[in-house]
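> generate coordinates for the sequence data below:
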Amino acid sequence: MTRDIVYFDLETQRTANDAGGWDNKAAMKMSIGVTFSTALDEYRIYTEARVHELVEQLRRADLVVGFNVINFDYEVLMGYTSYDLPAICHTRDLMVDIQAKLGHRLGLDAVASASLGVGKTGDGLDAIRWWREGRVAEIAEYCCFDVKCTRLVHEFGAEKGRVYYLDRFKQRKSVPVEWRL
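Below you'll find the predicted structure:
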């Protein structure tokens, strides 16, 4: 049986300010969630109406891989479920791993740009603006690309034993990682 690694990202309907601060991530509400399953070899796009299907896919995965998934994406999703997702999902949070090595946080764009030569196509505030404008297909496309970047960064790190990033002076540096596929 094939091991199912599920790469995951979501976008929100509201900013932290709209929700009453960063301690209220669940109130930010999901606009779109996207997964890529290695067992199914497919992307899935979830609307808020299908959030419980998304939670079930994450629960069933052998490994969930995301970038800032533990302290952000799961917190948003826990506004829809009673499950303690960080406790029940076997998770590899790439940002948390890198932060533990460097002592500071990096964004996905800094790692993807330096490691893969391609960066993100927007940011979360773009996705919130698109949500307010009813441009859901653009959110899904953007979120799919973030999932793809996360997957490629994870695969790169698993193969090379390191990833690269751009520091605040735009210097390319590396950080060792211990990721397996």
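> which strands and helices sit next to the helix or strand bottoming out on mean pLDDT in the chain?
The least trusted helix or strand in the chain, going by mean pLDDT, DSSP states H and E, turns out to be helix 124-132, with a mean of 89. With contacts defined as 3 or more CB pairs under 8 Å, 6 or more residues apart in numbering; DSSP states H and E, helix 124-132 has these neighbours: strand 5-12, strand 30-37, helix 136-160. (C-beta placed from N, C-alpha, C; glycine too.)
> strand 30-37 and that helix, what's the angle between them?
Helix 124-132 runs at 120 degrees relative to strand 30-37, counting by axes from the mean of the first three to the mean of the last three CA atoms, to 10 degrees.
> before we move on, back to that, and the helices and strands packed on helix 124-132, which is most packed in?
strand 5-12 (a mean of 26; mean count of other CB atoms under 10 Å).
> quick revisit: out of the helices and strands packed on helix 124-132, which comes closest to His90?
strand 5-12 (9.9 Å; CB to CB).
> strand partners (parallel or antiparallel) of that closest one?
Here strand 5-12 has these sheet partners by DSSP bridges: strand 30-37 (antiparallel), strand 63-66 (parallel).
> the shortest one: how far from the chain's middle?
It refers to strand 63-66. From the chain centre to the centre of strand 63-66 is a distance of 8 Å (CA atoms, centre = their mean, to the nearest Å).
> tell me which helix or strand comes right after that strand.
Where DSSP states H and E defines the elements, the next helix or strand beyond strand 63-66 is helix 74-77.
> which other helices and strands contact that following helix?
Short answer (3+ CB pairs under 8 Å, 6+ apart): helix 74-77 packs on strand 5-12, strand 30-37, helix 51-60, helix 85-88.
> touching it from outside, list them.
Here helix 74-77 makes contact (CB atoms under 8 Å, 6 or more residues apart in numbering) with 10, 12, 25-26, 28-30, 33, 51, 54-55, 58, 85-86, 89, 91.
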